[in-house]
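1. Can you look at this prediction? I've put the sequence above it.
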Amino acid sequence: MAMNIYSSPMRNQFLQITSSDPFEINKIHFHLRYKTTTIITCGLRKPLRTRRRSDGVLSTEAIQAVQSLKLAAKNQSKLDQVFNSKLNRLLKDDLLDAFAELQRQQHLDLALKVFEFMRKEAWYEPDHSLYGDLMLMFGKKKAIDKVERLFSELMEEGLKPDTRTYTELIGAYLKVDMIDKAMETYELMKASGCTPDELTLTIMIRNLESAGRDELVAIVKNDCAKYVDSPKTFLKEVARKYPKRLRLNLV
């Protein structure tokens, strides 16, 4: 759409703004008289807008996308249509919001599909937190195969596993009583130079105690001296919060 500023009400606005300076009035008058300024808007896509979700409320577009995905979840053809018609049009922030909302509502398979879709977007960059969130949710569902797959894909994308992703993998193994795999991952974590944090150590200690693996508990407790500022205080707090006779649900 083209607009001739000289023939529009904008002319008076420009003159009013600079009315205190005669030289500026004459200069603007010259440009308005002999120059035409063209403003072009594109009808194919709406202009980029800033993210509106500052209060935790999803945008209308993100909400509609989530609802459409849920309705089409059991029909692959309809699901493909939703991706092509709705998700293709979402801005980056709205797409990330839809991804997070699907996880919050426990629609993990849909969240995984959205994640795979995001990875093809031009703006996408590998991010530990995106992987960690999915690994946590699938770990809680005991979907160990998907947790392992996400961990592998993280490395394939050039990311080095961090403390959180290692902890999520360890937690997923403990959730399904794969004690040896959890311990193997814990040792791999240390060997990689990644430092276990207090959450990692707590999860390991309490679940190993619940499994009756005292020899492994001793190894992890000894490690507290390396990774915790006040190991004695930390271990006392763990014992106080989580009595040994109770099985933890920390993972």
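-> Ah, there it is. Numbering: from 1, shown residues only.
2. what does the domain assignment say about this structure?
-> 1-41, 60-124, 133-251 (automatic domain parsing).
3. Put together CSV for those domains, with mean pLDDT on each row.
-> Listed next are the domains of the chain as CSV, based on pLDDT from 0 to 100:
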stretch, mean pLDDT
domain 1-41, 40
domain 60-124, 95
domain 133-251, 92
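4. Just put the ones you listed in TSV and tack on mean neighbour count.
-> (Glycine included, C-beta is placed from N, CA and C.) Output for the domains of the chain, formatted as TSV (neighbours: other Cβ atoms under 10 Å):
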stretch	mean neighbour count
domain 1-41	12
domain 60-124	16
domain 133-251	17
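5. L134 contacts Q103, doesn't it?
-> Yes: assessed by Cβ atoms under 8 Å, L134 is found in contact with Q103 at 7.2 Å.
6. Find the residues that touch each one of those two.
-> By Cβ atoms under 8 Å, 6 or more residues apart in numbering, L134 and Q103 have these common neighbours: A111.
7. residues contacting the closest residue to K160 other than its chain neighbours?
-> The shortest distance from K160 to any non-neighbouring residue, by Cβ to Cβ, 6 or more residues apart in numbering, is to S192 (7.4 Å). Residues near S192 by Cβ under 8 Å, 6+ apart: K160, P161, Y166.
8. Now tabulate these in JSON lines and tack on secondary structure and distance to K140.
-> Compiled in JSON lines, those are given as follows (DSSP: H, G, I helix; E, B strand; the rest coil; distance: Cβ to Cβ, whole Å):
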{"residue": "K160", "secondary structure": "coil", "distance to K140": "24"}
{"residue": "P161", "secondary structure": "coil", "distance to K140": "19"}
{"residue": "Y166", "secondary structure": "helix", "distance to K140": "17"}
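9. Dump those into TSV; add distance to L90 as well.
-> Formatted as TSV, the contacts of S192 follow (distance: Cβ to Cβ, whole Å):
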residue	distance to L90
K160	30
P161	29
Y166	32
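10. quick one: which of the residues you listed is nearest to A218?
-> Y166 (20.8 Å; Cβ to Cβ).
11. ok, for the closest one, nearest residue in space, not its chain neighbours?
-> M189 (4.2 Å).
12. And the one you found, how far from E157?
-> Distance of M189 to E157, computed by Cβ to Cβ, to the nearest Å: 19 Å.
13. same thing with K86?
-> 26 Å.
14. Could you do L208 as well?
-> For L208, the distance to E157 - Cβ to Cβ - is 31 Å.
15. Also N222?
-> 34 Å.
16. that older thread, does the residue nearest to Y166 touch I170 like I think?
-> Yes: between M189 and I170 there is a contact at 7.5 Å, judged by Cβ under 8 Å.
17. what is in contact with these two at once?
-> Common contacts of M189 and I170 (Cβ under 8 Å, 6+ apart): T200.
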